[in-house]
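Got a predicted model here, sequence first, then my questions.
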Amino acid sequence: MTPVSTRGGAIDPRLVRRSRAVRSYLVVSVVLATVVAGLVVGQAWLVATVVSDGFEGSGATDAVITAVVALAAVVVGRALLGWLHAVVSARAAVEVKRQLRGEVVDRLLDGTPARLGRPESSHVVTLLGPGLDKLDPYFAKYLPQLVLALTVPAVVVVAVFAADPLSGVTIAVTLPLVVVFMVLVGYLTRDRTERRWRALVRLSHHFSDVLDGLVVLKVFGRSRNQAKGIAEVGERNRHETMAALRLAFLSSFVLELVASISVALVAVSIGLRLVEGHMTLMTGLFVLVLAPDAYLPLRQVGAHFHDSAEGRAVADDVYTILDDPDGPAAAGRSEERTTLDLAGATIAVDGVSVSYPGRSAPALAPTSLTLEPGTVLALTGPSGTGKSTLVDVLMGFTAPTAGRVTVRTAEGRAYDLADLDPDTWRTGLAWVPQAPGVLAGTVAANVRLGAPDASDDEVLAALADAGATDLHPWRDLHEGGANLSAGERRRLAVARALVRVRCGGAAVMLLDEPTAGLDPATEARVRRTLREARVTVLVVAHRRALVEDADAVVALRPLPVERAQPFEQPSRARAPQDERVETTVAT
Ligand SMILES: Nc1ncnc2c1ncn2[C@@H]1O[C@H](COP(=O)(O)OP(=O)(O)OP(=O)(O)O)[C@@H](O)[C@H]1O
């Protein structure tokens, strides 16, 4: 799923490059970590002073009392800095999650229906919900520790070297060993963690698939078979989680071992020199107290690496969506945002064809037509010949694989659709899709999606002209229009398109089978409305009556049959690339 994985590094460079919150957070973190490093050294020096003065018999002198008070202040200071670091980290996590969620949602909303379906909605829900929350440990635990690991050991080595060069060299030689082990563990766990995240995504896909198709599965008596599929996917998830945990514990053990042996080397050397009188108690204690602090941040960063690994996998998925070169922001459209008056405009479709990857037959064979201003053009043809695909092209949802769409306005200005800002272009269009979307709310609110400023009278008139007098404007609709019939949803969509033309400034209507499923009387009402609309209309029509009303008719021809083995079972080997295939096989 991820073309180029960048999660191998300690910090995802894209997070730093593209998020101001992360950059400011890192600067604050480095400052805090440097102060902490100073306090660590100060604490060791004060502990050594208090203990050595106590042992060497000078008793509770003023100097010792001052050192104890200073020691208490240092301990409190470290605790305060730790708290401050935690607060800054938590805020950075909230800010980065807010920013990434916003960017992903904007990116998806800017996209085409094809893009909205890719990645799958269940993946987006997992990613934006529990997925991005996995960045919490990354910011709250891993990054602060990483900054400490880069700062504290360096300061400690310098301080130890200044006090006792031999111990300084011992630590400087053994520290890289811990780093080498950490890198090795990082490489090992990277794939494991990625597999665990994929298993979780697969699980959510599977649940989403099963829930979507539950009615069908139930009716055909196949719902119980799903239990096996869910158990399989759940078991895979459990297996990957246990494997990741095993690695996490094992790698923590290895790091602890290396760090403990290294501290022991320093301690043995100091002990021998203390016994032989080659070293003062003060120096020995100072180095002994300080030495573990050289390894501690590295050990902890190793432990938190596992907590954060899923967060980095999630960030990777987020940037896969944000950096998709097929996305609208990267499509190289001009920044033109001026409104486009399509009244009196001529729209020419010139040799437009659309092919989808993985399909040998085009979804739309090369097609040319001209939408003359104020006329009704009927688009006909057998099912699957690309009528809806052509509507998608005209809506700017799908880019043609070949050919182009040009617009010549009443003032004689010509535009290529590919160069127009899609939002500007769509302000001139009223659209009735094959499966109209309905949001939870009133009928009137759904009609006003076409033109928010439409008055109550205008909404009522549009409903009447769409043959929907039976739909009361204040009637509450459920999500997706679940409490409406298919015909009612269609009439609601026609009313929405009508207010867009009458109150929203649209001058072109693109209607995909607007009268499908309507009774003859209601269909006649809609036909009359379309004839009287006096705007440019492209209507996808299977019904003879709608075709007869049109000023021009374009018939799409059947496409060549795709050369494929009929009923060929998708091979198991391809399943990992297509998680939906994998999950539906279990039915
Ligand atoms: N996202 C997609 N990926 C691959 N193929 C697609 C996709 N969308 C549509 N197709 C294929 O493109 C072809 C044209 O589809 P389209 O919906 O445009 O046909 P249509 O003429 O509107 O059909 P109908 O009259 O049944 O609504 C069909 O063969 C369909 O299977």
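Cool, got the structure.

Not including adjacent chain positions, what is the nearest residue to the residue nearest to the spatial centre of the chain?
Computing the C-alpha centroid of the chain and ranking residues by C-alpha atoms, centre = their mean puts residue 318 first, at 3.7 Å. Of all residues not flanking residue 318 in the chain, residue 100 sits nearest, at 5.2 Å (C-beta to C-beta, 6 or more residues apart in numbering). Every C-beta, even on glycine, is put in place using the N, C-alpha and C of the backbone.

on that earlier part again, ok, the residue nearest to the centre of the chain - contacts?
Residues in contact with residue 318 (C-beta atoms under 8 Å, 6 or more residues apart in numbering) are 100, 103, 104, 127, 131, 132.

Which of the helices and strands in the chain ranks last by mean pLDDT?
Across the helices and strands of the chain, mean confidence by mean pLDDT, DSSP states H and E is lowest for helix 579-584: a mean of 32.

just to revisit the earlier point, which two of the contacts of residue 318 have the greatest separation?
Based on C-beta to C-beta, the longest span within the contacts of residue 318 runs between 103 and 131 and measures 14.0 Å.

if you count what's nearby, which of the two comes out ahead?
Set residue 103 next to residue 131 and count neighbours by other C-beta atoms under 10 Å: residue 131 wins out with 26 against 16.

Give me the pLDDT for the residue lying closest to that one once chain neighbours are set aside.
The spatial neighbour of residue 131 that comes closest, neighbours along the chain excluded (C-beta to C-beta, 6+ apart), is residue 314 at 4.5 Å. Here, the pLDDT recorded for residue 314 equals 81.

Check which element follows the helix or strand harbouring residue 156 along the chain.
Using DSSP states H and E, the element containing residue 156 is helix 143-163. Downstream of helix 143-163, the first helix or strand assigned by DSSP H and E is helix 165-212.

Show me what that next one is packed up against.
Applying 3 or more C-beta pairs under 8 Å, 6 or more residues apart in numbering; DSSP states H and E, we find helix 165-212 packed against helix 121-126, helix 143-163, helix 225-275, helix 281-322, helix 579-584.

quick one, which of these is nearest to residue 174?
Using C-beta to C-beta, the helices and strands packed on helix 165-212 put helix 225-275 closest to residue 174, at 3.7 Å.

any idea of the angle the closest one forms with helix 165-212?
Angle, helix 225-275 to helix 165-212, by axes from the mean of the first three to the mean of the last three C-alpha atoms, to 10 degrees: 170 degrees.

low-confidence ranges in the stretch 101-250 of the chain?
Low-confidence segments of the stretch 101-250 of the chain (pLDDT under 70): 110-122, 190.

ranges for the helices of the stretch 401-550 of the chain?
Taking DSSP state H, counting those that start in this stretch as the test, the helices found in the stretch 401-550 of the chain are 422-427, 443-447, 456-465, 486-503, 520-532, 544-549.

Export those helices as CSV, with columns for mean neighbour count, distance to the ligand and mean pLDDT.
Below are these laid out as CSV (neighbours: other C-beta atoms under 10 Å; distance: least, C-beta to the nearest ligand atom, whole Å; pLDDT from 0 to 100):
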stretch, mean neighbour count, distance to the ligand, mean pLDDT
helix 422-427, 17, 18, 86
helix 443-447, 22, 23, 94
helix 456-465, 18, 25, 94
helix 486-503, 25, 14, 93
helix 520-532, 16, 17, 88
helix 544-549, 15, 13, 84
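
Would you mind putting the helices and strands packed on helix 165-212 into TSV with distance to the ligand alongside?
Below are the helices and strands packed on helix 165-212 laid out as TSV (distance: least, C-beta to the nearest ligand atom, whole Å):
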stretch	distance to the ligand
helix 121-126	15
helix 143-163	40
helix 225-275	25
helix 281-322	18
helix 579-584	13
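
Including distance to residue 108, could these go into TSV?
As requested, the helices and strands packed on helix 165-212 are exported to TSV (distance: least, C-beta to C-beta, whole Å):
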stretch	distance to residue 108
helix 121-126	7
helix 143-163	27
helix 225-275	25
helix 281-322	7
helix 579-584	19
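
hmm, back to that, packing partners of the helix holding residue 156?
Counting by 3+ C-beta pairs under 8 Å, 6+ apart, helix 143-163 packs on helix 20-55, helix 62-110, helix 165-212, helix 281-322.

Out of those helices, which gets nearest to residue 242?
helix 165-212 (9.7 Å).

Next secondary structure after the closest one?
helix 214-219.

what's near enough to touch the nearest residue to residue 303 once chain neighbours are set aside?
Spatial nearest neighbour of residue 303, excluding adjacent residues (C-beta to C-beta, 6+ apart): residue 252 at 5.2 Å. Contact partners of residue 252, counting by C-beta under 8 Å, 6+ apart, are 299, 302, 303.

check contacts around the last one.
This means residue 303. 248, 252, 255.

Need the mean per-residue confidence for the strand or helix carrying residue 389.
Assigned by DSSP H and E, residue 389 belongs to helix 387-395. The pLDDT scores in helix 387-395 average 93.

Fine by me, thanks again.
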